[in-house]
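In: Got a sequence here, can you model it:
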Amino acid sequence: MIKIFIADDHAVVRRGLKQIISETPDMLITAEAERGEDLLSRLFKENCDVVLLDISMPGESGLEVLKQLKKKKPKLPVLMLSI
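Out: Model prediction:
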């Protein structure tokens, strides 16, 4: 089972990703965040295999969050999302 953490400030995007991923039997959304800061604060509490990270979010941008995330969990795969 692939556990996924979604970080995107748009609820409709998160909902759409959850719907798509729910149709794949070996994938599961374990957590979601609206802001990069929320992702970073919950990263060690949530067990995930990959992060889907929006490049443009309020507060710190996805790129800034990515730098911090990679310092904390350098081997965690991250897929960046952009409109």
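In: Look up phi and psi at the residue lying farthest from the centre of the chain.
Out: In the chain, the residue that sits farthest from the middle, by Cα atoms, centre = their mean, is P25; the gap is 19.1 Å. Dihedral pair for P25: phi -60, psi -30, per degrees, to the nearest 10.
In: what does V78 give?
Out: Dihedral angles for V78 - degrees, to the nearest 10 - are phi -130, psi 130.
In: Now do the closest residue to it other than its chain neighbours: how many residues are near it, please.
Out: What sits nearest to V78 in space, not counting adjacent residues and going by Cβ to Cβ, 6 or more residues apart in numbering, is V51, at 4.7 Å. (C-beta placed from N, C-alpha, C; glycine too.) Neighbour count for V51, taken as other Cβ atoms under 10 Å: 23.
In: and the regular element (helix or strand) spanning V51, which strands flank it?
Out: Assigning secondary structure by DSSP states H and E places V51 in strand 50-54. Sheet pairing for strand 50-54, assigned by DSSP bridges, gives strand 2-7 (parallel), strand 78-81 (parallel).
In: If we go by neighbour counts, what in stretch 67-80 is buried?
Out: For stretch 67-80, a neighbour-count test (16 or more other Cβ atoms under 10 Å) marks L69, V78 as buried.
In: R35 is in contact with G59, correct?
Out: Yes. Under the criterion of Cβ atoms under 8 Å, G59 makes contact with R35 at 5.2 Å.
In: Against which helices or strands is the helix or strand following the strand holding V51 packed?
Out: Moving toward the C-terminus from strand 50-54, the first helix or strand encountered (DSSP H and E) is helix 62-72. The helices and strands touching helix 62-72, judged by 3 or more Cβ pairs under 8 Å, 6 or more residues apart in numbering; DSSP states H and E, are helix 36-42, strand 50-54, strand 78-81.
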